[in-house]
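Next input, structure requested:
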Amino acid sequence: MTDEPLDEGRTSEIDDLSGLADLTAAEASAFLTSVTEVASGSSPETALPLLTLALSQVLVAGARLGAIQDVVPEERFEPDAADDDSDPLRTGLANVFAGIDDYVYVIDPITSSDRADGSITNDLVDVAVSLSHGLKHYAAGRRLEALWWWQFGYLSHWGDRGMMALRSLHSILAHLRLDADEEAVGEAEFDALHP
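Residues are numbered from 1 along each chain as shown. Below you'll find the model as predicted:
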């Protein structure tokens, strides 16, 4: 880095990006809180809706990052940051999603029709680890670096994993809500039409 003053345009750009970093940090923190709460197993009845909302919101944050120009940190290296142990989160989520965790997806719908196996648990943990890594830079006062990490990670990894998990959660919710017993549906329709 040089000691030369930044020009006015660059200062304004950094201010704008700092605000975006603050917003993204808040959204990343909210996602981590939600996924940790679900992994605790304390409210299994709200796990699916809570994760669907949390993933949707953090993917909006990622889409916002994907829509702006490339973020370029002031320094061209990343200080080492120890990753948190994700095993407790993975174990908790695996317990929540026991029996419904696995799914099949198309690897790249643009370039091939090859399919692969996926896991909601692994996807959620990947998103959490990537967001957490960016939060460490943010907490250390390196906002642009955090923003660069979140943007790069969204485009290269966690955005895709998050969308796969969201699609799977949506599918599970749809089956739970729509695959109802025909007799029960008929009775509900009759009751609704004949008060």
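
Could I get the average pLDDT for the longest helix belonging to the chain?
Across the chain, the longest stretch assigned as helix under DSSP state H is helix 8-39. In this model, helix 8-39 has a mean pLDDT of 83.

Show me the contact partners of stretch 42-51.
With CB atoms under 8 Å, 6 or more residues apart in numbering as the test, stretch 42-51 has contacts from 34, 35, 37, 38, 96, 124, 165, 169, 172, 173, 176. (C-beta placed from N, C-alpha, C; glycine too.)

can you check stretch 170-178 too?
48, 49, 52, 100, 103.

hang on, the earlier thing: with respect to residue 145, which of the contacts of stretch 42-51 is nearest?
Taking CB to CB as the measure, residue 35 is the one of the contacts of stretch 42-51 closest to residue 145, at 23.3 Å.

Now do the helices for the chain: every range, in order, please.
8-39, 47-67, 87-96, 120-139, 143-153, 159-178, 182-193.

Of all these, which one comes closest to residue 108?
Residue 108 lies closest, by CB to CB, to one member of the helices of the chain: helix 159-178, at 9.4 Å.

how about the contacts of stretch 170-178 in a markdown table, adding pLDDT, distance to residue 66 and neighbour count?
Putting those into a markdown table (pLDDT from 0 to 100; distance: CB to CB, whole Å; neighbours: other CB atoms under 10 Å) gives the following:
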| residue | pLDDT | distance to residue 66 | neighbour count |
| --- | --- | --- | --- |
| 48 | 93 | 26 | 19 |
| 49 | 93 | 26 | 11 |
| 52 | 96 | 21 | 16 |
| 100 | 93 | 29 | 15 |
| 103 | 93 | 23 | 18 |
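
Report the two of these separated the most.
Longest span within the contacts of stretch 170-178, CB to CB: 49 and 103, 18.5 Å.

Select, out of the helices of the chain, the one closest to residue 107.
Per CB to CB, nearest to residue 107 of the helices of the chain: helix 159-178, 9.8 Å.

Could you tell me the angle between that closest one and helix 8-39?
Counting by axes from the mean of the first three to the mean of the last three CA atoms, to 10 degrees, helix 159-178 points 40 degrees away from the direction of helix 8-39.
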